[in-house]
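Colleague: Quick one, what's the 3D model for this:
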Amino acid sequence: MLVSTAAGDSLATPKRTGQGGDLGLGGTVGDPTGVTFKVFLHRRHALESGAGFGPFHRGSGRIHLAYLFHSRPWAGDDGFVVHGYVGLGVGGAFWHKRYFGPGLPSDFRRAALFVRAPVLGIAFHMLEIPLDVFIETAYSPIVTPPASFWNVDFTLGARYWF
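Modeller: Below you'll find the model as predicted:
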């Protein structure tokens, strides 16, 4: 009986710092501009996904998935805690117009894969409300034709935690 109660309590305790559960849904502005989804697997490990419009990725639609490792809290007070994080991910870009640079007329409609490495971010987890605000950047070269190695993501976002 004691074992099952302890196991139930540990499952009910959120893995992330702050109010709310381990599942976050929100929005981002920047590159990409769109929706974001994040789930904590452990107190310091999470999976993040995003989908939206990439104004600096050739003006394309895009989707990505990244594994994130969070630091211990850097700072905080009664209202929030600050964490840094790093990660690695992959994604896909889709566009329906000719991109800038060398290419063929068939480049009007295209799809390509990209790598997000490293993902670097700072997250401000609110302690009183189930919300976090984050700033994130990543080097994200397109690795399939038409390859491009100058792409960088930079986004500001917020998530509500369920």
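Colleague: could you show me where the helices are in this protein, in order?
Modeller: Here the chain has its helices, by DSSP state H, at 2-12.
Colleague: tell me which helix or strand of it sits lowest on mean pLDDT?
Modeller: Taking mean pLDDT, DSSP states H and E as the measure, the chain has helix 2-12 as its least confident helix or strand, at a mean of 47.
Colleague: Next, please give the residue ranges for the strands of the chain.
Modeller: For the chain, the strands defined by DSSP state E cover 23-31, 33-42, 45-54, 60-70, 75-76, 80-95, 110-126, 131-139, 152-161.
Colleague: model confidence over stretch 71-87, on average?
Modeller: Regarding stretch 71-87, the rounded mean pLDDT is 89.
Colleague: So which residues make contact with it?
Modeller: With Cβ atoms under 8 Å, 6 or more residues apart in numbering as the test, stretch 71-87 has contacts from 17-18, 44, 46, 48, 66-70, 116, 118-128, 138. From N, CA and C alone the C-beta is placed, and that goes for glycine too.
Colleague: Quick one: buried ones out of those?
Modeller: 17-18, 46, 48, 66, 68, 70, 116, 119, 121, 123-126, 138 (16 or more other Cβ atoms under 10 Å).
Colleague: among those residues, which two are most distant?
Modeller: Farthest pair in those (Cβ to Cβ) is Arg116 and Met126. Separation: 25.7 Å.
Colleague: center of this structure - which residue?
Modeller: By Cα atoms, centre = their mean, the chain has its centre lying nearest to Glu48, at 4.4 Å.
Colleague: Tell me what the residue nearest to it when sequence neighbours are not counted is bridged to.
Modeller: Spatial nearest neighbour of Glu48, excluding adjacent residues (Cβ to Cβ, 6 or more residues apart in numbering): Lys38 at 4.5 Å. For Lys38, the beta-bridge partners are Gly24, Glu48 (DSSP bridges).
Colleague: what sits against Lys38?
Modeller: Lys38 neighbours (Cβ under 8 Å, 6+ apart): Leu23, Gly24, Ala46, Leu47, Glu48, Ser49, Leu68, Arg159.
Colleague: now swap in Ala158 and tell me
Modeller: Here Ala158 is in contact with Gly26, Gly27, Leu131, Asp132, Val133, Phe134 (criterion: Cβ under 8 Å, 6+ apart).
Colleague: If we use 10 Å, what do you get?
Modeller: Gly24, Gly26, Gly27, Thr28, Val29, Thr36, Phe124, Met126, Leu131, Asp132, Val133, Phe134 (Cβ atoms under 10 Å, 6 or more residues apart in numbering).
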